[in-house]
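In: test case, fold it:
(chains A and B)
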There are 2 protein chains.
Amino acid sequence: MTVDPLQDIPDIADIHLAHARIRLQIRQTPVLNDPGLDEELGCRLYCKCENLQRTGAFKFRGASNAVLRLEEEGIDGNLATHSSGNHGAALALAANLAGRTAHVVMPDNSSKMKIDAVRSFGGVVHFCEPTHESRKAGLDALAREGMIAVHPYDESSIIAGQGTAALELEQSVPQLEQVITPLGGGGLIGGTVIATRAWGVEVFGVEPAGAADTVLSLERGRIVDDYRPDTIADGLRAIVGQRNFYLVQKHVKQVLTVSDDDIRRAMALFWRKLKMLIEPSSATVIAAVRNHPELFAGKRVGAILSGGNIHPSGWNELTADASTG
Amino acid sequence: MTVDPLQDIPDIADIHLAHARIRLQIRQTPVLNDPGLDEELGCRLYCKCENLQRTGAFKFRGASNAVLRLEEEGIDGNLATHSSGNHGAALALAANLAGRTAHVVMPDNSSKMKIDAVRSFGGVVHFCEPTHESRKAGLDALAREGMIAVHPYDESSIIAGQGTAALELEQSVPQLEQVITPLGGGGLIGGTVIATRAWGVEVFGVEPAGAADTVLSLERGRIVDDYRPDTIADGLRAIVGQRNFYLVQKHVKQVLTVSDDDIRRAMALFWRKLKMLIEPSSATVIAAVRNHPELFAGKRVGAILSGGNIHPSGWNELTADASTG
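Out: This is a model prediction of the structure:
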């Protein structure tokens, strides 16, 4: 089956359908605002806490939608994907809840916590080298064995599922002017631009400076697929997908970059104000808002915090230089 | 002014009034349920996340109510209290928002983080020895200087404020059968039994085994005020107050105790399932539900998580033995 990716992009109706499908399986995550954080940032920030989503990341929305759609369509079989961790854990749980098994190709430098998480939800881990090509080859091999490949972001049902976070954010907070999300492979921001087009907000993406493949791709007008990422934000090392890049090109106001030090300081700030640990990928949005008062000052900003899968024992080394940040 | 404490106990109307007074100042904290945690515990647990309350603990509810009531009544002046930390930070912020200053008597072994928190909200710290008598003497001295003493728990407006957490919990989750809260000085459980009496649930309290002064007081039929606490749950070392003891005697189904090791394991379990760090005091309720399937199995249980003021850097030492717990 050959599909033109740009003909296979969900619309707002798909996101509403996805929400109806997954709503009893996902957690309706809270939206938190903190006046002290607002004062520090100079805007009103409404944080959609997907770090508190089941499996600790927004990824469960897309995975749940992908698996429940297979159930609806009567398509049996086990699942396969590649993932640095959060999508793998999400698909493992979504598959498990449907009596299926998920096989997850993971880079061999994935954190032990993310590997354990996949296994704890019943997933089977297959290690590969930490490169885009090796991940892809691993997934292709599993697909040839007959498993149903569920791409972590460049897939319509995944993008539609991720868009439900923005849908809930909009239902919780009236009159947002801007929404900002982390940008790795582009599943979250892809769903977000579709979900938010009807209400006319500006959408911003954030990449770590060491994984700014999308910024580079935007400059060149095509996806740069040989980018070698180097960042502590392990959830954002993926290369932007085709559907995702199209949506970013067409609908995203601007993609910002933040340094790893910015990320560390943002994690420390967020913990101090909100008492929540968020993983580096999530902290990128706090860092970007902090770095760009010219874009966000005085605005009502929705921030999607993508995940919370950082082990507390990693906190010291991550934020050692940032405790006063 | 001499007040008979047992004639100065709030009723359900006071709790509704408190909620109307403080609702724009507090955070309406989320109530989270996790199917994986439920499976582990054998009941349905609805966690009222006061660890995400402003200042990181439910204490801000009572402090906010106490200060806003003074505002309503036109009573000027700065405030004084004693606190191991969370009430102090809460009163500091509540005072600050009203243009007042809070003076906080703190044991000299209080955690640096809790001391810093009081100061960051504009409070002034006065150190004392870590004994009940020394705290009380410190507070009496400040009161003699003309400050308005706001007792951390044995005071009507504080108890009424703390009861608003249970009120919101009830509004979020229909048909709870039981509610469980940590028990230190008894402000939270006191407010909780008043708030919940109308809907007929069983209320349980939990004390660390090393700070089980209320259990001992219940056995003896009078408050044991010379108890020397020894527990990692620094928020629960206070001696139960008079109003609070009366409410516990009259309305609490049972006060359970948990060991410090139970608490460590519960913190690790909660982090694994919910991706939130909760302070040891909060984890007592998870530990108690886990230890007592004969009381909670199959029930719909509301758990009030009292606070989240633990520094991530303390995590390793707190949970070193409990990571597989």
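
In: list the contacts of the residue of the stretch 51-200 of chain A found nearest chain B.
Out: Nearest to chain B, among the residues of the stretch 51-200 of chain A, is A:G56, at 4.5 Å (Cβ to the nearest Cβ). For the C-beta atoms, the positions are set from N, CA and C on the backbone; glycine is no exception. Taking Cβ atoms under 8 Å, 6 or more residues apart in numbering or on different chains, we find A:G56 in contact with A:86, A:89, A:117, A:307-309, B:275.

In: just put those in a markdown table and tack on neighbour count.
Out: What follows is the contacts of A:G56, written out as a markdown table (neighbours: other Cβ atoms under 10 Å in any protein chain shown):
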| residue | neighbour count |
| --- | --- |
| A:N86 | 30 |
| A:A89 | 31 |
| A:A117 | 24 |
| A:G307 | 28 |
| A:G308 | 25 |
| A:N309 | 25 |
| B:K275 | 24 |
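
In: tabulate those residues (JSON lines), appending pLDDT, distance to B:S156 and secondary structure.
Out: Supplementary listing: those in JSON lines, determined by pLDDT from 0 to 100; distance: Cβ to Cβ, whole Å; DSSP: H, G, I helix; E, B strand; the rest coil:
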{"residue": "A:N86", "pLDDT": "88", "distance to B:S156": "48", "secondary structure": "helix"}
{"residue": "A:A89", "pLDDT": "95", "distance to B:S156": "48", "secondary structure": "helix"}
{"residue": "A:A117", "pLDDT": "91", "distance to B:S156": "47", "secondary structure": "helix"}
{"residue": "A:G307", "pLDDT": "92", "distance to B:S156": "43", "secondary structure": "strand"}
{"residue": "A:G308", "pLDDT": "88", "distance to B:S156": "38", "secondary structure": "coil"}
{"residue": "A:N309", "pLDDT": "83", "distance to B:S156": "44", "secondary structure": "coil"}
{"residue": "B:K275", "pLDDT": "89", "distance to B:S156": "37", "secondary structure": "coil"}
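
In: got those residues as TSV, with distance to A:A287 columns?
Out: Rendered in TSV, the data for these read as follows (distance: Cβ to Cβ, whole Å):
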residue	distance to A:A287
A:N86	19
A:A89	25
A:A117	25
A:G307	15
A:G308	16
A:N309	18
B:K275	20
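
In: hang on, the earlier thing: how far away is the residue of the stretch 51-200 of chain A closest to chain B from A:A117?
Out: Distance of A:G56 to A:A117, computed by Cβ to Cβ, to the nearest Å: 7 Å.

In: ok, so what distance separates the residue of the stretch 51-200 of chain A closest to chain B from A:H87?
Out: 12 Å.

In: quick check: A:N96 is in a helix.
Out: Yes: the assignment for A:N96 is a helix, going by DSSP: H, G, I helix; E, B strand; the rest coil.

In: for it, the count of nearby residues, please.
Out: When counting by other Cβ atoms under 10 Å in any protein chain shown, one arrives at 16 neighbours for A:N96.

In: quick one on the thing from earlier: and the contacts of A:G56, which is closest to A:K136?
Out: Proximity of the contacts of A:G56 to A:K136, judged by Cβ to Cβ, is greatest for A:N86, which lies at 18.2 Å.

In: I'd say the closest one and A:G307 touch.
Out: Yes: here A:N86 lies in contact with A:G307, judged by Cβ atoms under 8 Å, at a distance of 5.4 Å.

In: which neighbours do the two share?
Out: A shared contact of A:N86 and A:G307, defined by Cβ under 8 Å, 6+ apart, is any residue touching both; here these are A:56-57, A:59, A:235.

In: those into CSV, with extra columns for pLDDT and secondary structure?
Out: Rendered in CSV, the data for these read as follows (pLDDT from 0 to 100; DSSP: H, G, I helix; E, B strand; the rest coil):
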residue, pLDDT, secondary structure
A:G56, 93, helix
A:A57, 95, strand
A:K59, 97, helix
A:G235, 87, helix
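
In: any idea whether the closest residue in space to A:A209 that isn't next to it in sequence is helix, strand or coil?
Out: Counting by Cβ to Cβ, 6 or more residues apart in numbering or on different chains, A:T257 is the residue found nearest to A:A209 once chain neighbours are left out, at 4.5 Å. Under three-state DSSP, the three-state class of A:T257 is strand.

In: roughly how far apart are A:T257 and A:V179?
Out: 18 Å.

In: ok, now A:I263?
Out: To A:V179, A:I263 is 19 Å away according to Cβ to Cβ.

In: just A:V67 next, same as before
Out: 27 Å.

In: does the residue nearest to A:C49 when sequence neighbours are not counted sit in a helix, a strand or a coil?
Out: The shortest distance from A:C49 to any residue other than its chain neighbours is 4.8 Å, reached at A:T29 (Cβ to Cβ, 6+ apart). Assigned by three-state DSSP, the conformation of A:T29 is coil.

In: so which residues on chain A come close to chain B?
Out: When proximity is defined by Cβ under 8 Å from any Cβ of the partner chain, chain A lies next to chain B at A:27, A:29-30, A:32-36, A:49, A:51-52, A:54, A:56, A:271, A:274-277, A:308-309, A:312-313, A:315-316.

In: what subset of those residues is buried?
Out: Neighbour-count burial (16 or more other Cβ atoms under 10 Å in any protein chain shown) applied to the residues of chain A next to chain B gives A:27, A:29-30, A:32, A:34, A:36, A:49, A:51-52, A:54, A:56, A:271, A:274-277, A:308-309, A:312, A:315.

In: mind giving me the domain ranges of chain A?
Out: As given by automatic domain parsing, the domain ranges for chain A are A:5-56+A:156-319, A:59-149.

In: those into CSV, with extra columns for distance to B:I286?
Out: As requested, the domains of chain A are arranged in CSV below (distance: least, Cβ to Cβ, whole Å):
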stretch, distance to B:I286
domain A:5-56+A:156-319, 16
domain A:59-149, 18
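
In: B:G138: which of those domains is closest?
Out: With Cβ to Cβ as the measure, domain A:5-56+A:156-319 is the member of the domains of chain A nearest B:G138 (27.4 Å).

In: what ranges do the helices span in the stretch 201-325 of chain A?
Out: Assignment of helices within the stretch 201-325 of chain A using DSSP state H, counting those that start in this stretch yields the ranges A:213-220, A:242-251, A:260-274, A:280-291, A:293-296, A:315-319.

In: I'd like the ones you listed written out as a markdown table, with mean pLDDT added.
Out: Putting these into a markdown table (pLDDT from 0 to 100) gives the following:
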| stretch | mean pLDDT |
| --- | --- |
| helix A:213-220 | 98 |
| helix A:242-251 | 97 |
| helix A:260-274 | 94 |
| helix A:280-291 | 97 |
| helix A:293-296 | 98 |
| helix A:315-319 | 59 |
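
In: and among the ones you listed, the most buried is which?
Out: Of the helices of the stretch 201-325 of chain A, the one with the most neighbours on average (mean count of other Cβ atoms under 10 Å in any protein chain shown) is helix A:280-291, at a mean of 28.

In: just the CA atoms of it, as CSV, please.
Out: As requested, the backbone C-alpha atoms of helix A:280-291 are provided in CSV (Å, rounded to 0.1, in the frame of the first residue of the first chain):
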residue,chain,number,x,y,z
PRO,A,280,14.0,18.2,29.6
SER,A,281,11.8,18.0,26.5
SER,A,282,8.9,19.6,28.4
ALA,A,283,11.1,22.3,29.9
THR,A,284,12.0,23.6,26.4
VAL,A,285,8.7,25.5,26.2
ILE,A,286,9.3,27.2,29.6
ALA,A,287,12.8,28.1,28.5
ALA,A,288,11.6,29.5,25.2
VAL,A,289,8.9,31.7,26.8
ARG,A,290,11.5,33.0,29.2
ASN,A,291,14.0,33.8,26.4
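
In: list the helices and strands that helix packs on?
Out: Here helix A:280-291 is seen to pack against helix A:35-41, strand A:178-182, strand A:202-208, strand A:254-258, helix A:260-274, strand A:300-305 when contacts are counted using 3 or more Cβ pairs under 8 Å, 6 or more residues apart in numbering or on different chains; DSSP states H and E.
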